[in-house]
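Engineer: Sequence below, structure please.
(chains A, B, C and D)
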There are 2 protein chains.
Amino acid sequence: MRKVTIRDVAKEANVAPSTVSRVISDDSRISDETKEKVRKIMKEMNYYPNSIARSLANNKTETIGIIMPSYTEDLFINPFFQDCFKGISSVTSKYSYDILIAANHRNETEVDALRRLIQGNRVDGLILMRNIKNDPAIEYLIDSKCPFVIIGTSHNKSDLIPMVDNNNLQAAYDLTRLLMEKGNRRIAFIGGDADSIVSQMRIDGYKKALQDSNLPFNDDYLITGDFLEQSAYELTEELLTLPNRPEAIIVMDDLMSLGVVKKVKEFKLKIPRDIMIASFNNSILSRSSNPAITSIDINSTTLGKKACNKLFKIINKDEYDTKEIVPYKIIERESTNR
Amino acid sequence: MRKVTIRDVAKEANVAPSTVSRVISDDSRISDETKEKVRKIMKEMNYYPNSIARSLANNKTETIGIIMPSYTEDLFINPFFQDCFKGISSVTSKYSYDILIAANHRNETEVDALRRLIQGNRVDGLILMRNIKNDPAIEYLIDSKCPFVIIGTSHNKSDLIPMVDNNNLQAAYDLTRLLMEKGNRRIAFIGGDADSIVSQMRIDGYKKALQDSNLPFNDDYLITGDFLEQSAYELTEELLTLPNRPEAIIVMDDLMSLGVVKKVKEFKLKIPRDIMIASFNNSILSRSSNPAITSIDINSTTLGKKACNKLFKIINKDEYDTKEIVPYKIIERESTNR
DNA sequence: CTGAAAGCGCTTACAG
DNA sequence: CTGAAAGCGCTTACAG
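Structural biologist: Numbers count the residues shown, from 1 in each chain, chains lettered A, B, ... in the order given. Presented below is the predicted three-dimensional model:
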């Protein structure tokens, strides 16, 4: 069966294709009678506009793209992305937009994938769910003039880039202070990727808190890996075998903290009695894990929602603030409850 | 800056647009010299094909759509979908396809959303990550002739519908038997949505196991809710307040089992000492929770991968089996280790 | 209030 | 091996 087109409908309704097109977009210049007549026929013929043809003609796709950190990789399993996605999709659904997940194809670099989406005209805008130092993707995005928003913080020309983030420095500061108030002096920090800006900001907050409390910064207590459970698991061994074992560990992310907990248990240490653990993101993992982990609620869903709202403002050329800060909150649980 | 088109490249290279088009698709009829010349110019001019125009001309989108159970809803936070998605995207990336997430827009029914994607020509095929009884979406999909695959099992005309699933009946059977072997006789089952086919199959397996062991089926021990943690949390109370409290509970899903565990703890009961818990999906939740939960590994990532491979076979009109079964495996953990 | 016509940027028989 | 032309199914100034 051939697809019914705007032409078929026009013929059947005895109007011009342009009239049908205007009925579809509910153009105010078309009389109500004509609209009704055409709509009836569209329904009868089971007509549905071809959105590809539409996009080509009016240069709008009604689709936004999402860039994940490392597509098809394990990083993606972090519940943070799901929470964020939930916020994003609540907004796209309101604007009647769809979401395209950008995954680099085989043999493609990340910038290739971006190029495909942007120059290939597949999206009206993009949300970047990651931030690394000197990200070539950001350079490309700026050059491309394609609307985009970063969830997180970027360093290059950062005053021009629309971003939504938490105050990660302050959050880490607060968390470190909390652990001090609980009587810990030897506090370690397990960071994420060395390239990660979020990781860097949190490390800065951690250091600042030590400094403000006149606690010495000990190089051995600060280690970075990647954002995966396995890496945290391995790194924790380094901490636990130090001559002066830390009394508390702050971990970049809930998923990583699972690895930390696993290793601590292998060392037959009790949490929080022997060692306290605190983490970030407050995903489902931190509240269900054993023991439940104190974690900073960064409001992932709100991050996604605000980022997406901002993106639509840019697409529609409305006013917007370049940078938006989403509040955070420490959720205390068993792992720091001594 | 105007976008550079195939026309511009053609002019610059002194060839016809059709030749440029053939260079893009690496047509064997074009001489290597010409190809080289054109490619050089494409690069110089920073040309990139407009995939929208391409799609309109050749009726291919190089995009598949994914239908989630209840978009923008809490169901989505189940790690199962992420695991599945990982499998899917590993395949799309190989075929150089992108993924469109179908979310129904405001005031849209699910079939509306499908219609938008299919009749709007936005995807070459679809993967359905859910299965409910009498699903109108399935009817629509069959009528539409659009290639699609279901992760799970469908009941309508099921011999014609391509699906990838586990043997859920047998899995539930095995799990029930395991709990019996551990000495439990009063075994309860918390199902998902009453409309859910997976849920039904597992309930059938549970009942069959009881029967084969000559254990009575007790209506009070079988309850269904939805697939959320909260609902499982509430339902568990009904079980725990029964005059003859169950000795073990099988839960449809890891996420739900978190709710069960929470309630059991509130009743000051110890797992597994007072009550055993076993669940399905073996997501990250079951292994990190407190206590770690025995769970059936349904190989979510494999489900996604196989479904997507099957979809491409259909798209490319290759041979395929309608139904494919992915193996499962019981992963025993603390929650059943008495 | 409606229509005829050009155009969006590609692909693909057809012809040579 | 390459080109001219028609077509994919819409939208949108322009004209009336």
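
Engineer: going forward, measure contacts and count neighbours with C-alpha atoms only.
Structural biologist: OK.

Engineer: by contact count, what packs against whichever strand or helix holds A:Ser295?
Structural biologist: Using DSSP states H and E, A:Ser295 maps to strand A:294-297. Secondary-structure packing of strand A:294-297 (3 or more C-alpha pairs under 8 Å, 6 or more residues apart in numbering or on different chains; DSSP states H and E): strand A:276-280, strand A:329-331.

Engineer: Just want the phi and psi numbers for the residue nearest the centre of chain A.
Structural biologist: When C-alpha atoms, centre = their mean is applied to chain A, the residue found nearest the centroid is A:Met129 (3.6 Å). Backbone geometry at A:Met129, expressed as degrees, to the nearest 10, gives phi -100, psi 50.

Engineer: measure the residue lying closest to it once chain neighbours are set aside to A:Ser300 for me?
Structural biologist: Nearest in space to A:Met129, with sequence neighbours left out and distances taken as C-alpha to C-alpha, 6 or more residues apart in numbering or on different chains, is A:Ile151 at 5.1 Å. Look at A:Ile151 and A:Ser300: by C-alpha to C-alpha, to the nearest Å, they are 10 Å apart.

Engineer: next one: A:Asp220
Structural biologist: 31 Å.

Engineer: between these two, who's got more neighbours?
Structural biologist: Between A:Asp220 and A:Ser300, counted using other C-alpha atoms under 10 Å in any protein chain shown, A:Ser300 has the larger neighbour count: 26 against 14.

Engineer: hang on, isn't that one packed against A:Lys306?
Structural biologist: No. Look at A:Ser300 against A:Lys306 with C-alpha atoms under 8 Å: they stay out of range, at 10.0 Å.

Engineer: Find residues that contact each of those two.
Structural biologist: Common neighbours of A:Ser300 and A:Lys306, using C-alpha atoms under 8 Å, 6 or more residues apart in numbering or on different chains, are A:Gly87.

Engineer: if we can go back for a sec, most tightly surrounded among the helices and strands packed on strand A:294-297?
Structural biologist: Stretch with highest mean neighbour count among the helices and strands packed on strand A:294-297: strand A:276-280 (a mean of 28; mean count of other C-alpha atoms under 10 Å in any protein chain shown).

Engineer: that older thread, in its sheet, what does the strand holding A:Ser295 sit against?
Structural biologist: Strand A:294-297 sits in its sheet next to strand A:276-280 (parallel), strand A:329-331 (antiparallel), going by DSSP bridges.

Engineer: now it: mean pLDDT?
Structural biologist: Taken as a whole, strand A:294-297 has a mean pLDDT of 97.

Engineer: Quickly note the distance from A:Tyr48 to chain B.
Structural biologist: A:Tyr48 sits 6 Å away from chain B, going by C-alpha to the nearest C-alpha, to the nearest Å.

Engineer: correction: A:Thr92
Structural biologist: For A:Thr92 relative to chain B (C-alpha to the nearest C-alpha), the value is 8 Å.

Engineer: for A:Ile325, same thing?
Structural biologist: Taking C-alpha to the nearest C-alpha, one finds A:Ile325 at 23 Å from chain B.

Engineer: does that residue really touch A:Gln170, like I thought?
Structural biologist: No. Using C-alpha under 8 Å, A:Ile325 makes no contact with A:Gln170, being 11.7 Å away.

Engineer: of the two, who's got more company?
Structural biologist: Per other C-alpha under 10 Å, whichever of A:Ile325 and A:Gln170 has more neighbours is A:Gln170, with 18 against 14.

Engineer: What residues does that one make contact with?
Structural biologist: Listed by C-alpha under 8 Å, 6+ apart, the contact set of A:Gln170 reads A:202, A:205.

Engineer: That one: which element?
Structural biologist: Residue-wise, A:Gln170 maps onto helix A:168-181 under DSSP H and E.

Engineer: cool, A:Glu108 as well?
Structural biologist: Using DSSP H and E, no helix or strand contains A:Glu108.

Engineer: Could you do A:Phe189 as well?
Structural biologist: strand A:187-191.

Engineer: Can you name every helix or strand that that strand contacts?
Structural biologist: helix A:197-212, strand A:222-224, helix A:229-240, strand A:248-251.

Engineer: helices and strands around the last one, which ones?
Structural biologist: Yep, that's strand A:248-251 we're talking about. strand A:187-191, strand A:276-280.

Engineer: model confidence over that strand, on average?
Structural biologist: The pLDDT scores in strand A:248-251 average 96.

Engineer: Within its sheet, name the partner strands of that strand and how each one runs.
Structural biologist: When DSSP bridges is applied, strand A:248-251 pairs with strand A:187-191 (parallel), strand A:276-280 (parallel).

Engineer: Can you mark which positions in the helix or strand just after that strand are buried?
Structural biologist: Sequence order places helix A:254-266 as the next helix or strand after strand A:248-251, per DSSP H and E. Within helix A:254-266, the residues that count as buried by 16 or more other C-alpha atoms under 10 Å in any protein chain shown are A:254-264.

Engineer: Would you mind reformatting the residues you listed (as a markdown table) and adding columns for distance to DNA strand D and pLDDT while you're at it?
Structural biologist: Shown next, in a markdown table, are the buried residues of helix A:254-266 (distance: C-alpha to the nearest atom of the strand, whole Å; pLDDT from 0 to 100):
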| residue | distance to DNA strand D | pLDDT |
| --- | --- | --- |
| A:Asp254 | 46 | 93 |
| A:Leu255 | 45 | 91 |
| A:Met256 | 48 | 93 |
| A:Ser257 | 50 | 95 |
| A:Leu258 | 51 | 93 |
| A:Gly259 | 52 | 93 |
| A:Val260 | 55 | 95 |
| A:Val261 | 56 | 94 |
| A:Lys262 | 56 | 92 |
| A:Lys263 | 59 | 95 |
| A:Val264 | 60 | 95 |
